[in-house]
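Enquirer: The sequence and its predicted three-dimensional model are supplied below.
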Amino acid sequence: QVQLVESGGGLVQAGGSLRLSCAASGRTFSIYTMGWFRQAPGKEREFVAAIAWSSDNTYYIDSVKGRFTISRDNAKNTLYLQMNSLQPEDTAVYYCNRVVRDNNGFTGVGSWGQGTQVTVSS
């Protein structure tokens with residue numbers, strides 16, 4: 001089973017940037033579609049972005065398109081999320097996970113890590 005450790009969060013002013021990383025253990029990381037999710041205070045966890053195992057397909061929710069970029073380095077077993085033009089509404093705990101796609105969209109499967117806090121001040 002893949003274990004995940006997120007890092008790279010922090011406090012940033014609106015308009016700033018952060019790069020999140022997700023380090024995965026296990027030799028099967030490279031065959032999975034991986035994704036980022038976030039959970040704001042008092043809200044359900046929501047899907048943010050996903051990337052296919054070969055990096056040839058990426059997916060984003062509308063609110064982050066053009067601002068966030070998901071990428072991966074299979075040789076390093078690491079997933080990334082470059083976040084630019086951050087807004088206060090991006091404030092949340094961000095999680096990575098293996099994802100599957102169904103009629104409801106993208107769902108995280110497997111164990112969740114501890115996440116990394118992103119706080120954007122106005």
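Expert: Alright, I've got the coordinates.
Enquirer: Give me the neighbour count for Pro41.
Expert: 7 (other C-beta atoms under 10 Å). C-betas here are computed from N, CA, C, even on glycine.
Enquirer: To clarify, my last question referred to Glu44.
Expert: Using other C-beta under 10 Å, the number of residues around Glu44 comes to 7.
Enquirer: That one belongs to a strand?
Expert: No. Read with DSSP: H, G, I helix; E, B strand; the rest coil, Glu44 is coil and lies in no strand.
Enquirer: So what does it look like in phi/psi?
Expert: Main-chain dihedrals, Glu44, degrees, to the nearest 10: phi -70, psi 150.
Enquirer: go on, the one 10 residues further on?
Expert: The phi and psi torsions at Ser54 (degrees, to the nearest 10) take the values phi -90, psi 0.
Enquirer: Could you do Arg72 as well?
Expert: Backbone geometry at Arg72, expressed as degrees, to the nearest 10, gives phi -150, psi 150.
Enquirer: What's the separation between it and Lys43?
Expert: Arg72 sits 26 Å away from Lys43, going by C-beta to C-beta, to the nearest Å.
Enquirer: Neighbour count for the two, which is higher?
Expert: Legend: neighbour count by other C-beta under 10 Å for Arg72 and Lys43, higher for Arg72 (24 against 9).
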